[in-house]
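Enquirer: fold the following for me, if possible:
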Amino acid sequence: MKTVKLSMAQALLRFLNNQYVSVDGTETKFVKGVMGIFGHGNVTGIGEALERCPGDLAFIQGKNEQGMAHAAIAFAKQSGRKQIYACTSSIGPGALNMVTAAGTATVNRIPLLLLPGDNFACRQPDPVLQQLEIPNDYTISAVDAFRPVSRYWDRIVRPEQLMTAALQAMRVLTDPAETGAVTLALPQDVQAETYEYPESFFARRVHAIDRRPPAADAIRRAVSLLAGKRKPLLIAGGGVHYSGATAELEAFASAFGIPVAETQAGKSVLPWEHPLNMGGIGVTGTLAANRLAKEADVIIGVGTRYSDFTTSSKSAFGNPEAKFINLNVSAFDSAKLSGVAVTADAKEGIAALHAALAEAGYASGYEASELARRKAEWNREVDRLYAIEHDAGLSQTRALGVINETLQPSDVIVAAAGSLPGDLHRLWRPSEPGTYHMEYGFSCMGYEVSGAFGAALAAPGRDVYAVVGDGSYLMLHSELMTSLQEGVKLTVLLFDNSGFQCIHNLQRGHGSDGFGNEFRFRDAASGKLSGGYMPMDFAAHARSLGARAYTAHTAEQLREALLQARKEAVSTLIEIKVLPGTNSDGYESWWRVDVPAVSASPKVEAAQRAMAEGINKARVL
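Expert: From the prediction side, this is the model:
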């Protein structure tokens, strides 16, 4: 057996450089490169390997560990989970900064390989700088915090352990049903230790991502359930995109006259103008989709995990006779809501169900005119919200209307948190699949700018826009500088509404007078944060980093700024001054946010009683 002497870190990079995935016979190099911030714990291990022998792996210098990991998530998401960047950090704070991103990846089922540095395995110099010491269990380090947010976690305390750990990592990263964050904790001394690795370990490996076909019996059960149902509703989730099943879904819905509602991850599976596309479902959904959900006698969920926003905390489906058919590659998700489980790849499952229903002569009971009426009613509401004018300033929905009308169909928008996901889910009108990039599994504030950088890396030649509130931007915007460093253009559309207005609205809607959510000065007389709004010049901040920047107070200024930004060669920020509280809301949806039954405020107690009524109406399963 031929061997080669390498440090563990060198061996890891050589292994990653030779990993490929195959989908439908097309092979793609799986690991594009490594994003990293160096410190003690990785600079002389992985850092040395990246400097001296990176192979074809690109290196991108992050500016914040959470930010770079979010960029890696967005890159993988925009790449359809077929390609990734790994992320490396030092021990301690550098590693822990990536924990939030690990949760984001795992919740959203996105592959993310994390390579944090760790304590010395030999323990000779312990305790070292940034080491977490647990007196009753010395095996625990800061990197153990990744365990609950990782789909696979391992600590490599001997260099030869890399071989089994790396293969297990690839198993999880390339499994559509199991993927998420994979964390390999790398003690800093072990990274530098050498071993005679067999050359076969570094051979080109192609990981086939096979499409899982549905069981024939599962299709029969689904067809049997559908046979007596006249008002089906199809809920399209992110799995439709990852499977590449948008064409199959359109053909299926059209063949049987089944309206389609989209989750945040599923949005853009159909063009917005498609006659069967009823738009977003649930808490942030459209009136058309939510009313159909209330009446539906069967719900066909494809590639969705049925989050509380999708199901309106399990209150969206008002028909007591409603049943569920869950087509999902993950058995964990296909078993939800006591549904008929069809555990399969979305593309394969839709095709099989299509063929079986056609043979059975199935058709829904909807009249085309009825669905057209519902869709037209909602389109008029979107037009109204897009056109709202206020004497005091620019409304959020008006700003989104200008942006939607000005951007090109192939442009990609990236968003994650605040009131913008609600407006975008309801109001945004995408014409092409893969142009609506929303992280709403974790709804992680700070994802937007980093995510736009990652999406732009994955979609060269397209214009990518981060749609972000001022609160999220202040939390994390560091990878804007990385985009400038790498010459990867993105455009930040920063909605400045002077605070965390989404939660401010939620708070006031449940009995509060408003507390601690707006960016105000502390009032000297009351001692509360109730003084004037803090003036922010976000455009000046962006310029200080080297970006181009514009400020828009009106619809006309915004349209002109968008046209100018498209011409810019470098990343650009448009600061959009919008009025607080001018977002959309409601549309016959409900979300469970428990409220105390005892309060000094009668408004809070009244909100609790209203919430209790909703809880009593929601499904238990």
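Enquirer: most centrally placed residue in this structure?
Expert: For the chain, the residue lying nearest the average C-alpha position, counting by CA atoms, centre = their mean, turns out to be Glu439 (2.2 Å).
Enquirer: and the pLDDT for that one?
Expert: On the pLDDT scale, Glu439 is placed at 98.
Enquirer: neighbours of the residue nearest to it when sequence neighbours are not counted, how many?
Expert: In this structure, Glu439 finds its nearest non-sequential neighbour in Ala416, 4.2 Å apart by CB to CB, 6 or more residues apart in numbering. (C-beta placed from N, C-alpha, C; glycine too.) Ala416 is flanked by 30 other residues according to other CB atoms under 10 Å.
Enquirer: give me the below-cutoff pLDDT ranges for the stretch 301-450 of the chain.
Expert: Within the stretch 301-450 of the chain, no stretch has pLDDT under 70.
Enquirer: now the helix or strand that contains Ser254: how far from the chain's centre is it?
Expert: Here Ser254, judged by DSSP states H and E, is contained in helix 246-256. Mean-position distance between helix 246-256 and its chain equals 25 Å (CA atoms, centre = their mean, to the nearest Å).
Enquirer: which helices and strands sit right next to that helix?
Expert: strand 232-236, helix 346-360 (3 or more CB pairs under 8 Å, 6 or more residues apart in numbering; DSSP states H and E).
Enquirer: hmm, try it at 10 Å
Expert: On a contact count with 3 or more CB pairs under 10 Å, 6 or more residues apart in numbering; DSSP states H and E, helix 246-256 meets strand 232-236, helix 238-243, strand 260-262, strand 298-302, helix 346-360.
Enquirer: state the mean pLDDT of stretch 261-274.
Expert: On average, stretch 261-274 scores 98.
Enquirer: identify each buried residue in it, please.
Expert: Across stretch 261-274, burial judged by 16 or more other CB atoms under 10 Å covers Ala261, Glu262, Thr263, Gln264, Ala265, Gly266, Lys267, Ser268, Val269, Leu270, Trp272.
Enquirer: looking at the protein, which helix is longest?
Expert: helix 368-387 (DSSP state H).
Enquirer: Ala360 - how many residues pack around it?
Expert: Ala360 has 12 neighbours, counted by other CB under 10 Å.
Enquirer: list the contacts for it?
Expert: Residues near Ala360 by CB atoms under 10 Å, 6 or more residues apart in numbering: Val223, Ser224, Leu226, Ala227.
Enquirer: what secondary structure does the third one sit in?
Expert: What that stands for is Leu226. Here Leu226 is helix, with the state taken from DSSP: H, G, I helix; E, B strand; the rest coil.
Enquirer: can you tell me how far it sits from Glu370?
Expert: From Leu226 across to Glu370, the span is 19 Å (CB to CB, to the nearest Å).
Enquirer: can you check the first one too?
Expert: Taking CB to CB as the criterion, Val223 is separated from Glu370 by 24 Å.
Enquirer: which one's more surrounded, these two?
Expert: Comparing Val223 with Glu370 by other CB under 10 Å, the one with more neighbours is Val223, at 19 against 12.
Enquirer: looking at this, that one is in a strand?
Expert: No - if the criterion is three-state DSSP, then Val223 is helix and not within a strand.
Enquirer: all helices for the stretch 351-500 of the chain, in order.
Expert: Using DSSP state H, counting those that start in this stretch, the helices of the stretch 351-500 of the chain run over 368-387, 396-406, 420-427, 447-458, 470-475, 479-486.
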